[in-house]
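J.: Okay, here's the prediction I keep looking at, along with the sequence it came from:
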Amino acid sequence: MKRKYFIIFTIIFMPLTSLGMPELNLNHLEFLRDEFQIENETKIGYWIYAEKYGDKYVHTEAKGEGVTCVDDVARVAVLYTELYKLDNNEFYLQRAKEALDFVMAFQDTDGDFYNFVFEDGSINKQGITSRKSANWWAARGFWSISNALEIFENDKEFQKKLENSAKLAYNFLSKNLDENYFLNHNSDVSSVFLMGVVEYYKYTKDEKIKDLAIKIGDSILSKQIKDGFLKGAFDEGEETPLWHSWGSRQGEALLELYKITQDDKYLKAVKLLADEFYPVLLSLGPVYQISEYIMLYPQIAYGVEPIISTLVKLYSVSKDDNYAYMASLFGGFFEKNNNLKTPMYGPNGEGYDSLHSVYINTNSGAESTICALLSITRLKILPMKFQEITEAIIVSGRKTNLLEAEKMNTGIYSFTLDNINNIALKTDESIRIRQTLKDFYPGEYEIYVSGIFEPNTTVKVTSGENSVEVTLKSSKGISSIGKIHMSKNEIILYFKPDGGNIYIDQVIIKPVDHLFVYKLKDNYYEFSKTGVKQIEYAIADVKSQYVQKVEVPIEKVNESYLFNLEELFNNDGIVDYANRKSGNFDNFDGVIGAKYPVEELQKKLDNNVFYFEKEDVYFKFKTEGVDNLICTSQEIYLKNFDVSPSNLYIVGSCDHGNYEGYLTIVYSDETIEENRIAFSDWCQDPAYGETILMEFDYRYDNLGIKENITTRLYLNKIVLKEKPIKSIFLPQIPTMHIFAITLK
């Protein structure tokens, strides 16, 4: 296969031109496209991953699985088929054809599909994510083929090939449905199969195929949750309710079934999903999974795209503007309407892998890129007045709030932290926890708690003068406490166990009627079930706990000027053995995380100062309490510093990957200079060629257990203009940590 490291594909094809929407940029998808040998035949596929190194992307395999797969190339076929249906562009048709040819190359004689191919061209026939098993890739392969049957009317030979493949796949998969008409006993993968069955019926007009589609659809309907926190969602759990964002295409599939049956029960089910559950996701973001607790991250394009596809199609059927507004607000995930207010869609058409609490995984492989492109394709179908809403950012509203119990104010009450799937408060005594809510809107709310509760645990919720109390039965997961009218931006929860331990994980505050305030350009709007209206809105001056301007003390050692960064430090990433269960270098969302060993660091220090002989430079470290700063645009102010240094030295590292950015230096004469700063992951080899300043043989994990993983601190050296410095502005990269800065 051809190795490609970077490409500029100069032609961008768009089915529609629009203002406010990101462009449908196919450059990165073309970069992922490559020739692959499949059992001695050359086929066109798409690399499963592309890792970013510096400013370049590099094709990357999935270790142990392969380099490309049916699941992703079938997505490509769906994307280009949809584009061709919107705009009869021959390029789209050819790209769809070659993708479909790849998919059919993995189909066996029984109709099932293998998924991955190794770099040597051999098909992965044994791996759990690749072997024949009537699984996701088979369902998606069938959908991609059935969906494309009608567009090859002028290519009868290829159309016949598609017909034969679709028939073979349909016969195999339909025979592998269980007694409830599910593939693999789940409605998620079955909804993908249903998408294909509906398309196959539309092409064949075979009523038996329609009958099967109805049976699958009715089974999916039976999995819809009718009350509680997950009301409207589709349950994938067995004993405990479970919903996950990835692949949850039930709503879209039921809409397609409604189109061929005109049975209102399918339309009503999708409206219930959109009216009750999607506002929760618009509040919290497209969370990864909800079961015994809410797993907020990672948030992925594969989770957002089915939501957008469902809402756009629901709007096209119902003509209810609210669904179009909601689709566009979800589409803003790829712009800046996410918790980091940062695009998830790159300038060259990259769909980034995942969004986390404080960082973005910029791996841009096939799945995430195609899902971003398909989302944009769907949104461009909407009338122009809705498309610009993708630029909006939700700033406030009556939204669902998620509170982690361990982060709430616990006062003087006694408890321990326990890692039961998610960090929770563990206690066998009464405890009261409280929280002041930001951006609070008064109204009626439903209160839920997640955790493990012994029988007869009393829970009382108070807000202002109102309260609600309930005695829980033995429960594990998300439990309802009841409804309460909240007029004050504070909530207090009192828990009284009846013998035995309880584990308090999360508190969920869900409004009965959601309302969102979003900013578009310089105007503000309210979006609720009654529609959208422009409002006057004043944003409160909220100071970040990290963005600061600090005049730092400077200590001179020989020719080195050591910064005392203590006032800026906001992270405790170095702990000793006695305190190994505390500290938190790499888990921004949690109370505890992994950390460096202070014992090993202290071996290299003299009175908390480290001497680096190679550069003849000294650094000041802190080894107790907060000991490093997370980079969030701090300004380091050097008042009356009249020295003209030659070099700036920065000691740091990153968590969750390698990150680079720019710091700004303002000299005393007001000239400004931007300099690149780049640090590698603390547990990896240097990716940017930076110097390894220190290396340790182990770290402590989030529970304080010693892990034999090599950790490092790196050194960046920046050459200066040899004139006095007034200020240094750090970048906004919350996964980048700085431990020491010295001028020389």
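T.: That came through, no problem. Numbers count the residues shown, from 1 in each chain.

J.: switch to C-alpha atoms for all contacts and neighbour counts from now on
T.: Will do.

J.: Now for the chain, the helix or strand with the poorest mean pLDDT.
T.: Across the helices and strands of the chain, mean confidence by mean pLDDT, DSSP states H and E is lowest for strand 416-420: a mean of 79.

J.: where does the stretch 501-650 of the chain have low pLDDT?
T.: Within the stretch 501-650 of the chain, the stretches with pLDDT under 70 are 539-548, 589.

J.: and residue 70, what is it in contact with?
T.: Contact analysis of residue 70 by CA atoms under 8 Å, 6 or more residues apart in numbering lists 102-103, 106, 114-116, 137, 141.

J.: mind running it again at 10 Å?
T.: 45-46, 76, 99-100, 102-107, 113-117, 130, 136-138, 140-141 (CA atoms under 10 Å, 6 or more residues apart in numbering).

J.: Distance-wise, check it relative to residue 446.
T.: Distance of residue 70 to residue 446, computed by CA to CA, to the nearest Å: 43 Å.

J.: Residue 140 too?
T.: 38 Å.

J.: Those two: which is more packed in?
T.: Under the criterion of other CA atoms under 10 Å, the comparison of residue 140 against residue 446 puts residue 140 first, with 29 against 19.

J.: Who are the contact partners of the more buried one?
T.: For residue 140, the contact set (CA under 10 Å, 6+ apart) comprises 70-75, 77-78, 103, 113, 146, 189-196.

J.: Just the ones of these in helices?
T.: By the criterion of DSSP state H, membership of these in helices covers 70-75, 77-78, 103, 146, 189-196.

J.: Can you give the contact residues for the least confident helix or strand of the chain?
T.: Residues from elsewhere that reach strand 416-420 (CA under 10 Å, 6+ apart): 406, 423-427, 451-452, 503-505, 581, 591-592, 702-703.

J.: Give me the ChimeraX select line for the contacts of residue 70, limited to the buried ones.
T.: Those of the contacts of residue 70 that count as buried under 16 or more other CA atoms under 10 Å are selected in ChimeraX with:
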select :45,46,76,99,100,102,103,104,106,107,113,114,115,116,117,130,136,137,138,140,141
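
J.: Among the contacts of residue 70, which lie within strands?
T.: Residues of the contacts of residue 70 located in strands (DSSP state E): 45-46, 116-117.

J.: can you list the residues you listed in a markdown table and add distance to residue 471 and pLDDT?
T.: Formatted as a markdown table, these follow (distance: CA to CA, whole Å; pLDDT from 0 to 100):
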| residue | distance to residue 471 | pLDDT |
| --- | --- | --- |
| 45 | 57 | 97 |
| 46 | 55 | 98 |
| 116 | 52 | 97 |
| 117 | 55 | 97 |
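
J.: Tell me the one among the residues you listed nearest to residue 388.
T.: Of all the ones in strands among the contacts of residue 70, residue 388 sits closest to residue 46, with 31.0 Å by CA to CA.

J.: Hmm, that closest one is touching residue 77, no?
T.: No: using CA atoms under 10 Å, residue 46 makes no contact with residue 77, being 11.0 Å away.

J.: what touches both of the two?
T.: Residues touching both residue 46 and residue 77 by CA under 10 Å, 6+ apart: 99, 102.

J.: Show me what residue 493 is bridged to.
T.: Note on residue 493: beta-bridge partners by DSSP bridges are residue 433, residue 461.

J.: hmm, back to that, how far off strand 416-420 does the helix or strand just after the least confident helix or strand of the chain point, in degrees?
T.: Counting by DSSP states H and E, the element after strand 416-420 in chain order, helix or strand, is strand 422-427. If you take axes from the mean of the first three to the mean of the last three CA atoms, to 10 degrees, strand 422-427 sits at 140 degrees to strand 416-420.

J.: strands paired with strand 422-427, and their directions?
T.: Assessed with DSSP bridges, strand 422-427 is paired to strand 416-420 (antiparallel), strand 502-511 (antiparallel).

J.: right, and the helix or strand after the longest one?
T.: Following the chain from strand 502-511 toward its C-terminal end, the next helix or strand by DSSP H and E is strand 515-520.

J.: need the next SSE after that following strand, C-terminal direction.
T.: That would be, after strand 515-520 and using DSSP H and E, strand 523-528.

J.: strand partners of that following strand, parallel vs antiparallel please.
T.: Counting by DSSP bridges, strand 523-528 is paired with strand 515-520 (antiparallel), strand 531-535 (antiparallel).

J.: Buried ones in it, by neighbour count?
T.: 524-528.

J.: Identify, from the residues you listed, the entry nearest to residue 556.
T.: For the buried residues of strand 523-528, the residue nearest residue 556 by CA to CA is residue 524; the value is 51.6 Å.
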